[in-house]
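Peer 1: Quick check, what structure comes out for this input:
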Amino acid sequence: MALHHQIIGIAARTYWRVIKPRTLGVRSLVLDGDGRVALVRHTYIAGWHMPGGGVKKREGFEAGLARELREEVGLHAFAVERVLGIYHNLREGKDDHVVVFVTRVPAGTAVTAADGLEIAEAAWFALDALPEGVSPATARRIAEYRAGTIGAGNW
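Peer 2: Sure, this is the predicted structure:
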């Protein structure tokens, strides 16, 4: 992880602890035709995560999802299957509300670290063979999906 990205991340989290903004976010459990999940490693935080991010002002959740999937993993076409859940995240000093979508792409679809400044790596993983270092929240969302439950509550 690059030192300047770590410093930017620390500065952002410090700002959020002082200002305590309410934010809206989207994440996606992206699945391909082979039943694999797309995960990303960011340049500014450890671990593997579902692609996603903040929803901008005057942007809807679905538009934010499309933008984040384009920016993070290079996906331009996908199908929204359903909403997995809506979660509340108080970490990092924000009052963050995150909508997690289940999206599908055909087998053979490539994912790439589309934004090299933000994404260090993007890859497909079998649901029963997740990489070491998958974030706890990502592991919980995948477990909810595999159990067929609708998620809610804390991130």
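Peer 1: CA atoms for contacts and neighbours, from now on please.
Peer 2: Will do.
Peer 1: Show me where this protein has its strands.
Peer 2: All strands of the chain, identified by DSSP state E, fall at 22-31, 36-42, 48-49, 52-54, 79-89, 95-104, 119-126, 151-154.
Peer 1: Contacts for the first one next, please.
Peer 2: Under the contact criterion CA atoms under 8 Å, 6 or more residues apart in numbering, strand 22-31 has outside partners 37-38, 50-55, 61, 64-65, 94-105, 142.
Peer 1: go again using 7 Å as the cut-off
Peer 2: Strand 22-31 is contacted from outside by 37-38, 50-55, 61, 64-65, 94-105, using CA atoms under 7 Å, 6 or more residues apart in numbering.
Peer 1: before we move on, what about the second one?
Peer 2: Outside of strand 36-42, the residues within contact range by CA under 7 Å, 6+ apart are 29-31, 47-51, 118-127.
Peer 1: can you count the residues close to the nearest residue to residue 66 once chain neighbours are set aside?
Peer 2: Nearest in space to residue 66, with sequence neighbours left out and distances taken as CA to CA, 6 or more residues apart in numbering, is residue 76 at 7.4 Å. By other CA atoms under 10 Å, 11 other residues sit near residue 76.
Peer 1: Am I right that residue 76 is in contact with residue 67?
Peer 2: No: in this structure, residue 76 is not within contact of residue 67 by CA atoms under 7 Å, at 8.7 Å.
Peer 1: which neighbours do those two share?
Peer 2: Between them, residue 76 and residue 67 share no contacting residue, judged by CA under 7 Å, 6+ apart.
Peer 1: sorry, back to before: include mean neighbour count, mean pLDDT and distance to residue 72 when you put the strands of the chain into JSON lines, please.
Peer 2: Output for these, formatted as JSON lines (neighbours: other CA atoms under 10 Å; pLDDT from 0 to 100; distance: least, CA to CA, whole Å):
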{"stretch": "strand 22-31", "mean neighbour count": "22", "mean pLDDT": "93", "distance to residue 72": "11"}
{"stretch": "strand 36-42", "mean neighbour count": "23", "mean pLDDT": "97", "distance to residue 72": "8"}
{"stretch": "strand 48-49", "mean neighbour count": "23", "mean pLDDT": "98", "distance to residue 72": "11"}
{"stretch": "strand 52-54", "mean neighbour count": "21", "mean pLDDT": "95", "distance to residue 72": "7"}
{"stretch": "strand 79-89", "mean neighbour count": "16", "mean pLDDT": "95", "distance to residue 72": "17"}
{"stretch": "strand 95-104", "mean neighbour count": "21", "mean pLDDT": "94", "distance to residue 72": "15"}
{"stretch": "strand 119-126", "mean neighbour count": "19", "mean pLDDT": "97", "distance to residue 72": "6"}
{"stretch": "strand 151-154", "mean neighbour count": "14", "mean pLDDT": "86", "distance to residue 72": "24"}
